[in-house]
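Q: Sequence and predicted structure are below.
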Amino acid sequence: MIITEKKEYKKILESLKGMDSIYVVGCGRCATSCSTGGEEQVFDIVAKLKKDGKSISGSYVIEAPCDERLVAKFSRAEKSKIDKADALLVLGCGAGVQTVSDVIKLPAYPALESIFLGKTKTLGKFYEMCVMCGDCALEETGGICPVARCSKHLLNGPCGGSHKGKCEVDENLDCAWYLIFERLKELKQFDRIKKFQKPKDYSKSIRPRKVELR
């Protein structure tokens, strides 16, 4: 899941300077799960914008604003309201903002900060798990990613600075390599720790990337 945080409202207003009529778009998936872009958050920011003198031409929570097909369907259904807007304010990740901007030929501005790709542990608690490097080696590390979860991104560890299972960079963080050691022991695969991990093939993460199944 893409983890997002609310952008400082002052910055949102600054980005909308000179724009009188705003259409607000929410995200029904990741941002809703993060409580940053669902119906409640769309309602709240619409109220704030009205209070600050903005006209709201409409609002809608798209199931997935990063899906061009869904955005196109939304734009057709809401065309009359979108046509009255000077700009779109998108409560979604960066991919959502850009997809909306590609489909609807209006300025599209982000209301959220895209933070990381992570897991949900409990309601409101999210943890970074993957940097989407395109060269995954989780089969060698017990399903724990050292690139995302080691503060030094070490492919071969530990670094020697960890203490009692904690990271020397931040003692509140678990040492990723300690976790890997313990997981491999638990899985009876500890021999995997002896395998030297070659440097990442960064050609696989040259951006922008794409996947075409057909």
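A: Perfect, I can see it now. Residues are numbered from 1 along each chain as shown.
Q: what about Gly118, how many neighbours?
A: 17 (other Cβ atoms under 10 Å). To be clear about C-beta, it is placed using only N, CA and C from the backbone, and glycine gets the same treatment.
Q: And for Tyr23?
A: If you count neighbours by other Cβ under 10 Å, Tyr23 ends up with 24.
Q: sec struct for it, please.
A: Tyr23 falls in the strand class when you classify it by DSSP: H, G, I helix; E, B strand; the rest coil.
Q: Name the SS class of the closest residue to it other than its chain neighbours, please.
A: In space, and not counting its chain neighbours, Tyr23 is closest to Ala85: 3.9 Å by Cβ to Cβ, 6 or more residues apart in numbering. Under three-state DSSP, the three-state class of Ala85 is coil.
Q: Which parts of the protein belong to which domain?
A: 2-115, 131-200 (automatic domain parsing).
Q: Kindly compare burial across those and name the winner.
A: Among those, domain 2-115 has the highest mean neighbour count (mean count of other Cβ atoms under 10 Å), at a mean of 18.
Q: Let's see the distance spanning that one from one end to the other.
A: One end of domain 2-115 to the other measures 7 Å (Cα to Cα, to the nearest Å).
Q: Contacts for the longest helix along the chain, please.
A: Scanning the chain for the longest helix, with DSSP state H as the assignment, gives helix 39-51. Contacts of helix 39-51 with the rest of the structure, by Cβ atoms under 8 Å, 6 or more residues apart in numbering, involve 6, 9, 12, 16, 22, 24-26, 31-32, 35, 56, 59, 61, 89, 91, 111.
Q: Brilliant, that's me finished.
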